[in-house]
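**Student:** Quick one: sequence plus predicted model below, questions after.
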Amino acid sequence: MRRVIGLIICLLILLFSIPLVYLFTYGLVDLFNSFQNIFSLNYLKLIINTASLVFAVTLSTLILGLYLSWATEIAKIKYAKMWRVLLVIPLVIPSYFAGYLFILFYGPKGKLYDFFNIFLNIERFPDMYGFIGAWLCLTFICFPYVYINICTGLKLVDRKLESASRVLGKNHYQTYLKIILPNIKGSIYSGCVLVALYTLSDFGAVQAMQYQTFTLAIYTKYRSFDLEGAASYALILILLSLPIIFYAINMSILNSRKISKKPSELINQNLYDVKNKHSLVQLTLIIIAIISVLIPFIMIFELIFRTNLSIVELMGTIKIDAIYNTFTGSAVTAIICMILAFLIIDVLSKNNNRLRIAFENLIYFGYTLPGLVIALSFVYFSVNYFFSIYQTWIILIMGYIVLFFSTGYGPIRTSSELIGERYSIASKSLGKSYFETFYKISLPLYAPGIKKGLLNVFILTAKELPVTLVLAPLNFHTLSTVIWDGLEEANFSSAGLAGLLLIIIIAIPTYLSIHTEDIKVKFSKNK
Amino acid sequence: MNKEQKSLIVENLSLNYDDNKVLRDINFEIKDSEILALVGPSGSGKTSLIRCITGLQNPNEATIKISEKIMFSSTIDIPIEKRDIGIVFQDFALFPHMTVENNIQYGMDVNNTKHKSLSQLSSLTDLMLMTGIYHLRDRYPDELSGGEQQRVALARSLAPRPKILLMDEPFSNLDPNLRIQLRMEVRRILKYLKISCLFVTHDQQEALYMGDRIIVLNEGEIQQIDENKKVFQNPSNQFVAEFIGLADFIDGEIKDKYANTELGKIEVQSNASNGETVNIMLRPDDITITKNNAGNGFVVQREYRGMYYIYYIKLNSGKIVKSLSSHTNDFNVGTKVDVELTPGHPLICYKNQKII
């Protein structure tokens, strides 16, 4: 058994090395060939565009995330539960779709323009294309990442500290700044890093906004079948974002932070009474929900019914095979990832630390890479060395695994650290066999981690676009490619309907994933 | 001279959760530099009471004054941070991201932590020296042992010079030996600094040691407030008698200053009239047993406590009483013994649970 697992680990290492090989062979060669271009204005513009977008989106999502988590977790407001659900809905809208919906509303001749034109007779309207559009759009897609992370952090903070600080003469805001914030620093950073990585690798929203970033440039190169050129762009992108990537990898690996003690009896969460500012807080939440949830959904229905098709005709445009492919593709990827993670975790956690850390660095590196880069590296690999799997299911799933394996592995690893060996030792000492212990003790204990991991991989794979677009077999459609093609070919009702179906498919897993109590929170309560 | 200052006055405090009366009609005060121990079984409302005094929870009705200043009443509700209270939490609640020194300094009025005035510097140092943590000043809380954390928590709560200190079961997370050592030290420091303190505990021994006076709380009502000796010697009702120390009760019929019981005639201190039947409180040290095959009781159980035994004796009436006996008196279960009352002081009597 151990040998089989060793082999699996070796194969995974090979699989995860493919993008690295691609980047450092094709990428480096192309860079040397076109060395003079590195200093061209084109590169400089891409760098500035990408960096400024990443910085702006991270900053604005941070501000939104801090404010929203304060409003729903610390302040005493009505409907807090409802807001907690509403404010994460933007997560279910894929960025390539959201970007288009955004343009549809705010863009030139968009709905907002129509409104101003008809009612206020305004002819000129600010152009939403470019930086402003990409920044606003990504901000309203990504803020839930920061928001969710901070909320989890707040749950892990010993809220007694807050009372201790108040008693020592500091008011609510001083306490928030000096005590709460420093103690959730880790969660804030993880949220920001997720957003930064999302922005770096996103090409849907920037494509819709026609804003030139590295990812878009890589895509353009790929469209002209210039794999070397794409690799050199990708290499520069990766090198420039190494600090963020390193931070993200470290953060994921060191994620098993200290678990705070259970909330004491004396101070169960005291929510802050916002008093006369209550309606102001509610108003800001309503505005944010309108921008990030209500308008996109109105726009989806506008898309669907734009072409005046009857309901029957609309139903006819649904591609059953796309639904089937999305669902099975995501489910198969999720299950493979979890089986692999579960198989190797035992061996990895017992084996020497260096091997484990090296392996984990590699798999988390996969997650930090833009999907497009991974897709291209697999094209490169299969075309050059393994043509028989080019444009097949197999290579598609392999791409998904490299991209998302770490999101399934993470929860398993966290569980493994929290659970430790004591329960299975206890079970074995009570005379139970290896399999009985596995079935009756390990599996139920790992259940929350497995569930979280499955959901993570499923959701991300279902939403995924670039890898699917590039690696899928010919005439193979998933909902995300139907949306993409529909928007490119002005087949709006088909795109809108596919978007709605995709959102429905990932809505429930997303809800379950967020409201499955964070594993760390759960264990800190048990202690 | 002014009349004596009161550090804390609580008047007519009551607190309900829905229909559940958690605290009823609580009245007490703490004098300047007095330590008042609040003791009661778990669920008696101790925690709710400190939450109300701190301002973490508003009582349904109360007037709370700290240093003669109203902090809470039907019209006034001073926020927590302005109540001049210090708290030592059960699990300390030290700020994990700050060093020991920064934790202590946090509540002091230091606007610029880099440039402390000389007097602040010396009081900070004094405080750390006094609590014995000066050498730990640059460490972080998670690098300290439980006892050290406890000292830091005490120093931190004293740093802003609170008008009153609340200690919520401060020693319950420590191991027994450390607990005894620390409570001696804490009492010494509080007395030296003349700090008024409300000390909450569920441990009667700790309450007897720490408190100048003791409040016994049960089911949301104050059972007795008195000096610690009085609470032990003259418990106002049978609950207090049993909660503070071991106690048994035997029936007796009052005759002048004496009572007739199944263990003979014994001197009592009571206002009951002649002929009335009362319950007489017996502490284990009031009962002496000697081995006698024709005795009036026998050993049904024994607890070995090192220096002494607690014997459980079944009397002829079927009643079981406890007796404290030297470790040299080694009686097996089943041994017939003679039971004698040897209190050396008049015994206290109860009628319908209340002292009479």
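**Tutor:** Good, I have the coordinates.

**Student:** lowest-confidence helix or strand of chain A?
**Tutor:** Lowest on mean pLDDT, DSSP states H and E among the helices and strands of chain A sits helix A:519-526, with a mean of 56.

**Student:** That should have said chain B, apologies.
**Tutor:** For chain B, counting by mean pLDDT, DSSP H and E, that's helix B:118-130 with a mean of 80.

**Student:** tell me which strands and helices the helix or strand just after that one is in contact with?
**Tutor:** Tracing the chain past helix B:118-130, the next element assigned as helix or strand by DSSP states H and E is helix B:146-158. Using 3 or more Cβ pairs under 8 Å, 6 or more residues apart in numbering or on different chains; DSSP states H and E, the elements in contact with helix B:146-158 are strand B:85-88, helix B:100-105, helix B:118-130, helix B:176-193. In short, each C-beta sits where N, CA and C put it, glycine included.

**Student:** how close does the nearest residue to residue A:194 once chain neighbours are set aside sit to chain B?
**Tutor:** Of all residues not flanking residue A:194 in the chain, residue A:145 sits nearest, at 4.4 Å (Cβ to Cβ, 6 or more residues apart in numbering or on different chains). Applying Cβ to the nearest Cβ, to the nearest Å, the value for residue A:145 to chain B is 24 Å.

**Student:** give the contact list for residue 9.
**Tutor:** I went with chain A, as the question did not name one. Taking Cβ atoms under 8 Å, 6 or more residues apart in numbering or on different chains, we find residue A:9 in contact with A:344, A:347, A:348, A:359.

**Student:** not quite, I wanted chain B
**Tutor:** Contacts of residue B:9 by Cβ under 8 Å, 6+ apart are B:28, B:29, B:30, B:63, B:64, B:65, B:68.

**Student:** ditto for residue B:80
**Tutor:** Residue B:80 touches A:163, A:166, A:167, B:54, B:55, B:56, counting by Cβ under 8 Å, 6+ apart.

**Student:** Nearest residue to the residue in the stretch 251-356 of chain B positioned nearest to chain A in space, please, no chain neighbours.
**Tutor:** Using Cβ to the nearest Cβ, residue B:353 is the residue of the stretch 251-356 of chain B that sits closest to chain A, at 29.2 Å. Nearest residue to residue B:353, sequence neighbours excluded (Cβ to Cβ, 6+ apart): residue B:238, at 4.7 Å.

**Student:** For the residue lying closest to residue A:271 once chain neighbours are set aside, give the beta-bridge partners.
**Tutor:** Of all residues not flanking residue A:271 in the chain, residue A:76 sits nearest, at 3.7 Å (Cβ to Cβ, 6+ apart). Judged by DSSP bridges, the bridge partners of residue A:76 are residue A:273.

**Student:** how much space is there between residue A:76 and residue A:172?
**Tutor:** Relative to residue A:172, residue A:76 is positioned 11 Å away (Cβ to Cβ, to the nearest Å).

**Student:** how long is stretch B:313-326 end to end?
**Tutor:** End-to-end span of stretch B:313-326 (Cα to Cα, to the nearest Å): 15 Å.

**Student:** Tell me the buried residues in it?
**Tutor:** B:313, B:315, B:321, B:322, B:323, B:324, B:325 (16 or more other Cβ atoms under 10 Å in any protein chain shown).

**Student:** Please apply the same query to stretch A:416-436.
**Tutor:** A:416, A:418, A:419, A:424, A:427, A:432.

**Student:** Of all pairs in those, which one spans the longest distance?
**Tutor:** A:418 and A:432 (21.3 Å; Cβ to Cβ).

**Student:** that older thread, any idea which of the contacts of residue B:80 is least confident?
**Tutor:** Within the set of those, pLDDT is lowest for residue B:56 (83).

**Student:** a strand runs through it, doesn't it?
**Tutor:** No: counting by DSSP: H, G, I helix; E, B strand; the rest coil, residue B:56 is not found in a strand; it is coil.

**Student:** Quick check: phi and psi on it?
**Tutor:** phi -80, psi -20 (degrees, to the nearest 10).

**Student:** before we move on, back to that, show me which positions of the helix or strand hosting the residue nearest to residue A:194 end up buried.
**Tutor:** Element membership for residue A:145, per DSSP H and E: helix A:131-156. For helix A:131-156, burial by neighbour count (16+ other Cβ under 10 Å) applies to A:131, A:133-156.

**Student:** wouldn't the residue nearest to residue A:271 be in contact with residue A:277 here?
**Tutor:** No: using Cβ atoms under 8 Å as the test, residue A:76 is too far from residue A:277 to be in contact (11.0 Å).

**Student:** quick one, which of these two is more surrounded?
**Tutor:** residue A:76 (14 against 11; other Cβ atoms under 10 Å in any protein chain shown).

**Student:** got a list of what that one touches?
**Tutor:** A:271, A:272, A:273, A:274.

**Student:** now swap in residue A:147 and tell me
**Tutor:** Residue A:147 touches A:64, A:65, A:68, A:69, A:87, A:88, A:191, counting by Cβ under 8 Å, 6+ apart.

**Student:** who wins for most neighbours among those?
**Tutor:** residue A:191 (29 neighbours).

**Student:** Retrieve the pLDDT associated with residue B:1.
**Tutor:** Model confidence at residue B:1 (pLDDT) stands at 42.

**Student:** swap that for residue A:253, please
**Tutor:** 59.

**Student:** Could you count how many residues lie near residue 181?
**Tutor:** I went with chain A, as the question did not name one. Count around residue A:181 with other Cβ under 10 Å applied: 16.

**Student:** Chain B, not that one
**Tutor:** Residue B:181 has 13 nearby residues by other Cβ under 10 Å.

**Student:** repeat for residue A:475
**Tutor:** 6.

**Student:** and the closest residue to residue A:392 other than its chain neighbours, helix, strand or coil?
**Tutor:** Leaving out its chain neighbours, the residue that sits closest to residue A:392 by Cβ to Cβ, 6+ apart is residue A:473, at 5.8 Å. State at residue A:473, reduced to three classes by three-state DSSP: coil.

**Student:** thought residue A:473 was touching residue A:390?
**Tutor:** No: when contacts are counted by Cβ under 8 Å, residue A:473 is not listed as touching residue A:390 (9.2 Å).

**Student:** Comparing the two, which residue is more hemmed in?
**Tutor:** Comparing residue A:473 with residue A:390 by other Cβ under 10 Å, the one with more neighbours is residue A:390, at 16 against 13.

**Student:** Look up phi and psi at that one.
**Tutor:** phi -60, psi 130.

**Student:** Let me know how buried the closest residue to chain A within the stretch 201-350 of chain B is, in neighbour terms.
**Tutor:** In the stretch 201-350 of chain B, no residue comes nearer to chain A than residue B:202, which is 11.9 Å away by Cβ to the nearest Cβ. Neighbours of residue B:202 under the rule other Cβ under 10 Å: 17.
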